[in-house]
Structures are given as structure tokens and as C-alpha cells.
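[1] Provided below are the primary sequence and the corresponding predicted coordinates.
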Amino acid sequence: MSISNTPMQQQSRGPIRKKTNSLQNAALLKLILSAIAETPKSKDALAEITGLQRNTIARWINLLHTRKGEIKNLVYIADWGKAGKKQHPVALWKLGYGEFDAPRPPPKTPAEHCKEWRRRQRKKLAVQVTVTEKGIKHVAK
């Protein structure tokens, strides 16, 4: 009996592939496409409607939007909406084969930001004064 010091070579199993459930993917795709077929919706609205995570919605939308070659994009940006406290533009997605995206609105200038801020400050400081029968003044914001 001889013992060899040479290491045994292991056979390669190839790349490890993640199993996917194609029926589940087809159902998710149908759910997303049916949600944006009628009216344009943002990714957050789609996540709320479908119950999926926003990352999942974003992955599907990006996959459907960035197709090239013979089969062009299946979804497009129909319009831009506002979201959040600062009212940043948000893409509203709609189902449509080979359609062009709506142009992104230009950013606000510093003067527009200042004008908006001053308008909000005036709204906060609006005071309502009323005089009652007894001559008492009520002050309310």
C-alpha cells in the first residue's frame, strides 16, 4: 500500500445557478403590467398596489424599460409627478410598446425655491382675528 502526497483534483460542477420559479415570475409580471395598463403609476404606488417590495418593482421596471434590439421597451415614462415633502419629480410609468419617455421637468431655480419658501412662511403666519359680542378678540392660526 502506497500513500500518495498528490492532492486529488475535484471535478468542477460549473456555475451555481439560483433556481427560479417561472410561474411566480409570470404572475408578478402580469400583476405589474395590469396595474400600469390603464393609468400611469410611480414605483411606490405599484409597490403599494401589488404588495411587492419597491426594489422588486424597480428591478422589473428597469428590465422592461431598457430593452434594446428588435423587442424595444415595453413600459415608458408617461409623465412626471411630484412626491415627498420637497416635491421632487417622480417618473410615472405606463404600459406601451416602443413609446418615447416624457422629458424630465427642469429643476427649480434658486429664485423659485426662495419664492416658494416665502409663500409657505406667509401661510404659516396668517392670523385670523374675530370680534365677538362681548368685544373679545380670538386669535387663531
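    Now that the structure is in, tell me what you want to look at. Computed from a predicted structure; not experimentally measured.

[2] residues contacting the residue most central in space within the chain?
    By Cα atoms, centre = their mean, the chain has its centre lying nearest to residue 43, at 2.9 Å. The neighbours of residue 43, taking Cβ atoms under 8 Å, 6 or more residues apart in numbering as the test, are 54, 57, 58, 61, 90, 91, 93. The way it works is simple: take the backbone N, C-alpha and C, and place the C-beta from them, glycine included.

[3] what's the closest non-adjacent residue to the third one?
    What that stands for is residue 58. Once flanking residues are discounted, residue 58 sits nearest to residue 43: 5.6 Å by Cβ to Cβ, 6 or more residues apart in numbering.

[4] where in the protein is pLDDT low?
    Applying pLDDT under 70 to the chain flags residues 1-20, 68-71, 84-86, 126-129, 135-141.

[5] what about the helices in it?
    22-36, 43-50, 54-65, 110-124 (DSSP state H).

[6] report how many residues lie close to residue 96.
    Residues near residue 96, counting by other Cβ atoms under 10 Å, number 15.

[7] what distance do you get for it to residue 134?
    Remark: distance between residue 96 and residue 134 (Cβ to Cβ, to the nearest Å) = 66 Å.

[8] with residue 77 instead?
    Going from residue 77 to residue 134 by Cβ to Cβ gives 60 Å.

[9] more crowded one of the two?
    The residue with more neighbours, out of residue 77 and residue 134, is residue 77; 20 against 5, by other Cβ under 10 Å.

[10] list the beta-bridge partners for the more buried one.
    residue 93 (DSSP bridges).

[11] that one and residue 102 touch, don't they?
    Yes: assessed by Cβ atoms under 8 Å, residue 77 is found in contact with residue 102 at 5.2 Å.

[12] now do the contacts for residue 77.
    Per Cβ under 8 Å, 6+ apart, neighbours of residue 77: 91, 92, 93, 94, 101, 102.
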